[in-house]
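Student: quick one, what's the 3D model for this:
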Amino acid sequence: MKKLLGCCGLDCENCGAYIATVNDDNEMRIKTAKLWSEWNNADIPPEAINCLGCRGDGIKAYYCSELCEIRKCALGKDFGTCAECSELAGCKTVKVIHDNNEEAVNNLKAEQ
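Tutor: Below is the predicted model:
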């Protein structure tokens, strides 16, 4: 199982927060904060953009550690990713990501 694969199947290595953190890239933090603010209709400051991956050791973006219902569900069931869940195909929680990101779906299929 790929450690930098998020519970939902998103590739954390390609996430702006992860890239900004490992490269200490403030311009990427600003860009990612702006994008996440638009996606979530919230004010997310650049200093909140620090993450070493959904399932990796170390710092997590606040959204990922505290608000992500997908991650909460997977961890609550003691799963590494949603690929381990028998309810994946009909799951409304992960559907939010999978409806807009075929790569995440394919990543989880590769984990099954």
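
Student: on contacts alone, who are the packing partners of the lengthiest helix in the chain?
Tutor: In the chain, assigned by DSSP state H, the helix with the most residues is helix 26-40. Applying 3 or more CB pairs under 8 Å, 6 or more residues apart in numbering; DSSP states H and E, one finds that helix 26-40 makes contact with helix 16-23. C-betas here are computed from N, CA, C, even on glycine.

Student: how far out from the middle of the chain is the helix it packs on?
Tutor: 13 Å (CA atoms, centre = their mean, to the nearest Å).

Student: can you list contacts of that helix?
Tutor: The contact list for helix 16-23, computed with CB atoms under 8 Å, 6 or more residues apart in numbering, reads 4, 12-13, 25-26, 28-29, 31-32, 35, 49-53, 59, 61, 64.

Student: try stretch 54-66
Tutor: Contacts of stretch 54-66 (CB under 8 Å, 6+ apart): 3-8, 10, 12, 17, 21, 36, 40, 44, 48-53, 68, 71, 80-81.

Student: go with 10 Å
Tutor: 1-8, 10, 12-13, 15-18, 20-21, 32-33, 36, 39-40, 42, 44, 48-53, 67-68, 70-72, 74-75, 80-81 (CB atoms under 10 Å, 6 or more residues apart in numbering).

Student: span of it from start to end?
Tutor: Using CA to CA, to the nearest Å, one end of stretch 54-66 lies 11 Å from the other.

Student: how about the helices of this structure, start to end?
Tutor: Using DSSP H, helices in the chain cover 16-23, 26-40, 62, 69-76, 92-98, 102-111.

Student: and those, which one averages the lowest pLDDT?
Tutor: Within the helices of the chain, confidence is poorest for helix 62, with a mean of 84 (mean pLDDT).
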